[in-house]
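Participant: Need coordinates for the below:
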Amino acid sequence: TETGAEEPTSPQGAYLAVARGQAPGPEELTRRAIAAVGGIEHYVKQGADVIVKPNICNAYHSPEYASTTNPAVVAAIVALCLEAGAGSVRVMDFPFGGTAQNAYEMSGIAQAVEAVGGQMELMNSLKYQEVAIPNAKALNRTQVYADILTADTVINVPIAKHHSGAGLTLGMKNLMGTILNRGALHANGLHQSIADLSTVVKSHLTVIDATRILVANGPTGGSLNDVREMDTVIASPDVVAADAFAATLFNMIGADIGYIKFADQLGLGTMDLKSINIEEIDA
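Facilitator: Below you'll find the model as predicted:
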């Protein structure tokens with residue numbers, strides 16, 4: 001089963017967009033980046049069931065610590081979806097630190113999402129279903145949150161940050177929050193497992209929050225000394241390209257991160273940034 005995500009396209013726009021600037025603020029940067037890759041209407045149809053998947057991995061730190069996605073970025077996406085006529089917009093994650101309810105509150109995401117009319121969903125353990133991963137090289141099967149597989153549109157909204165195990169956590173790594181047993185990915189070879197998972201858990205649009213990035217001691221952080229203000233939002237229907245571009249913010253290239261390289265080899269997108277149309281929007 002998969003979401004039926006089509007090959008990455010943005011017919012009236014760039015393949016990848018980067019919006020930068022302190023003055024517009026995170027919400028406006030998000031709107032500009034999405035407009036440049038075809039606009040939200042390309043991804044969200046009238047009446048659509050939309051799931052937005054930010055990184056709300058822990059209940060330890062408020063947003064300025066850059067361990068969870070900027071609430072203004074998430075709220076901007078929810079508002080855009082509702083403006084496009086979405087039937088429902090649910091925001092969810094499965095934290096590893098603290099309860100989901102506490103993480104949703106501490107991150108500021110619950111308040112921001114509810115203020116614009118979206119709903120926070122607590123992921124129900126009964127809703128996971130076993131999924132086989134054909135052609136997998138490391139992760140042959142896993143339990144995925146069923147709604148992620150059936151939603152009309154899945155929008156992946158990671159924060160760009162350092163990760164002690166994976167080097168960086170970006171779009172594809174963020175999809176680990178949709179599965180029940182994350183230990184299996186670590187046990188089977190984390191980078192290949194993330195790439196394998198990305199063959200069945202597909203997002204239609206990836207929006208990477210790099211307004212503030214965590215450059216050390218990730219994924220949870222806890223020191224403002226490890227945070228850099230980048231005032232940047234990246235958008236693309238191609239999660240591999242989005243992740244490869246985000247890697248450059250850490251003075252890396254896509255090939256430096258195993259799961260980006262493996263996903264490129266699996267044909268899930270491209271990490272060759274020279275081969276794609278990138279629109280850079282500086283404010």
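Participant: buried set for the helix or strand bottoming out on mean pLDDT in the chain?
Facilitator: Lowest mean confidence among the helices and strands of the chain (mean pLDDT, DSSP states H and E): helix 183-188, at a mean of 85. Applying a neighbour-count criterion of 16 or more other Cβ atoms under 10 Å, one finds 184, 185, 188 buried in helix 183-188. Every C-beta, even on glycine, is put in place using the N, C-alpha and C of the backbone.
Participant: Including distance to residue 87, could those go into TSV?
Facilitator: Compiled in TSV, the buried residues of helix 183-188 are given as follows (distance: Cβ to Cβ, whole Å):
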residue	distance to residue 87
184	34
185	32
188	37
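Participant: Need the contact partners of the helix or strand where residue 279 lies.
Facilitator: Assignment of secondary structure by DSSP states H and E places residue 279 within strand 278-282. For strand 278-282, contacts defined as Cβ atoms under 8 Å, 6 or more residues apart in numbering pick out 13-21, 32-33, 36-37, 245.
Participant: Mind listing the strands that strand pairs with, and their directions?
Facilitator: strand 16-20 (parallel) (DSSP bridges).
Participant: Report the mean confidence score over the strand it pairs with.
Facilitator: Averaging pLDDT along strand 16-20 yields 98.
Participant: Name the residues that touch that strand?
Facilitator: With contact meaning Cβ under 8 Å, 6+ apart, strand 16-20 is reached by 29-30, 32-37, 230-236, 238, 241-242, 245, 273, 276-283.
Participant: Buried residues in the strand holding residue 279, which are they?
Facilitator: If you call a residue buried by 16+ other Cβ under 10 Å, then strand 278-282 has these buried ones: 278, 279, 281.
Participant: Dump those to a markdown table, plus distance to residue 117.
Facilitator: Putting those into a markdown table (distance: Cβ to Cβ, whole Å) gives the following:
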| residue | distance to residue 117 |
| --- | --- |
| 278 | 32 |
| 279 | 29 |
| 281 | 26 |
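Participant: Adding pLDDT as columns, could you present these in CSV?
Facilitator: Putting the buried residues of strand 278-282 into CSV (pLDDT from 0 to 100) gives the following:
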residue, pLDDT
278, 97
279, 97
281, 97
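Participant: and which of those is nearest residue 91?
Facilitator: Nearest to residue 91 out of the buried residues of strand 278-282 is residue 281 (Cβ to Cβ; 25.1 Å).
Participant: mind checking how far the closest one is from residue 57?
Facilitator: 29 Å (Cβ to Cβ, to the nearest Å).
Participant: Then residue 23?
Facilitator: 30 Å.
Participant: So the two - more neighbours on which side?
Facilitator: Set residue 23 next to residue 57 and count neighbours by other Cβ atoms under 10 Å: residue 57 wins out with 27 against 8.
Participant: Give me the neighbour count for the residue nearest to that one when sequence neighbours are not counted.
Facilitator: Spatial nearest neighbour of residue 57, excluding adjacent residues (Cβ to Cβ, 6 or more residues apart in numbering): residue 95 at 5.4 Å. Residues within reach of residue 95, counting by other Cβ under 10 Å, total 22.
Participant: same thing with the one 10 residues further on?
Facilitator: Applying other Cβ under 10 Å, we find 17 residues neighbouring residue 105.
Participant: so where do the strands sit in the stretch 51-200 of the chain?
Facilitator: Taking DSSP state E, counting those that start in this stretch, the strands of the stretch 51-200 of the chain run over residues 88-91, 119-120, 128-132, 141-145, 153-157, 159-163, 167-169.
Participant: Quick one: low-confidence residue ranges for the stretch 1-150 of the chain.
Facilitator: For the stretch 1-150 of the chain, applying pLDDT under 70 flags the ranges 1-11.
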